[in-house]
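Engineer: Pasting the sequence and the predicted coordinates here, then a few questions.
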Amino acid sequence: MNIQDFVQQGEGLQEDKMTAWDLFQQAYDHQMKGKLDEAIKLYQRSIDTFPTAEAHTFLGWTYSFMGQLHEAIEECHRAIATDPDFGNPYNDIGAYLIELDQLDEAIPWLEKATKAKRYESPAFPHMNLGRIYEKQGDWDHAIDCYKTAVTLNPKYESAKRAMMRLITLMN
C-alpha cells in the first residue's frame, strides 16, 4: 500500500488522513518488530483519526499474531464495512477460519477475496483455497487453485511446492 491509496479513501481532511497514515506506518513498524501491544495502540489511533480498511485489517493481523483470532475476524469485518472492495480482509477471515479448522466456513470468504476489486496479492486466496481442498482430499481442485496462485504470482514458491507435491503424489 502507498500513501496515495491511503489518502484517496473516503471523505475527510487531508491533514487527518496524513496523520492516520503516519500512525499506520508507525504501527506497522512496531508490529514487524514484535511490539504488538504498541502496534495495537497505534493502529487504533490511526483508525480514530481516519478509519481505513487497511488499518482495520492490519490491526486484525496483529491480533492474529497474538492468537486472538476472533478479534482479528472482527477487525476484518470492520475493514469490509469501511471498504468492501479491499480484498485483504476477505482472505484474512478465510485464513483465520482455516486456523480455527472451520474449512467450509472459510471457502466463501476466500472466494470473495478472489473477486475483490482492490487487492495487491490476489494469489493468496487461491493458495488458501488450495490448502482447504487439499485437507478435504479434493486434490484436483487443490491443484487448480495452486496453479492459479502461481499464474497470478510466478514467484510464489510455496504455491509451486504445494502444486508439485500433489502432482507427484497423484502419479
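Structural biologist: Good, I have the coordinates.
Engineer: for L110, what are its contacts?
Structural biologist: Taking C-beta atoms under 8 Å, 6 or more residues apart in numbering, we find L110 in contact with Y90, N91, G94, P125, N128, L129, I132. In this view, the C-beta of every residue, glycine as well, is placed from N, C-alpha and C.
Engineer: just D92 next, same as before
Structural biologist: Taking C-beta under 8 Å, 6+ apart as the test, what D92 contacts is T57, G60, W61, S64, A72, C76.
Engineer: If we go by neighbour counts, what in the helix or strand hosting G94 is buried?
Structural biologist: Per DSSP states H and E: G94 is located in helix 88-99. Residues N88, P89, Y90, N91, D92, I93, G94, A95, Y96, L97, I98 are the ones in helix 88-99 that count as buried (16 or more other C-beta atoms under 10 Å).
Engineer: Name the SS class of the closest residue to K160 other than its chain neighbours, please.
Structural biologist: Nearest residue to K160, sequence neighbours excluded (C-beta to C-beta, 6 or more residues apart in numbering): V150, at 5.5 Å. The assignment at V150 comes out as helix when based on DSSP: H, G, I helix; E, B strand; the rest coil.
Engineer: The closest residue to K135 other than its chain neighbours and H30: what is the separation?
Structural biologist: In space, and not counting its chain neighbours, K135 is closest to L103: 6.3 Å by C-beta to C-beta, 6+ apart. Distance, L103 to H30, using C-beta to C-beta, to the nearest Å: 32 Å.
Engineer: Past the helix or strand hosting D16, which element shows up next along the chain?
Structural biologist: Secondary structure assignment for D16, by DSSP H and E: helix 14-32. Downstream of helix 14-32, the first helix or strand assigned by DSSP H and E is helix 36-49.
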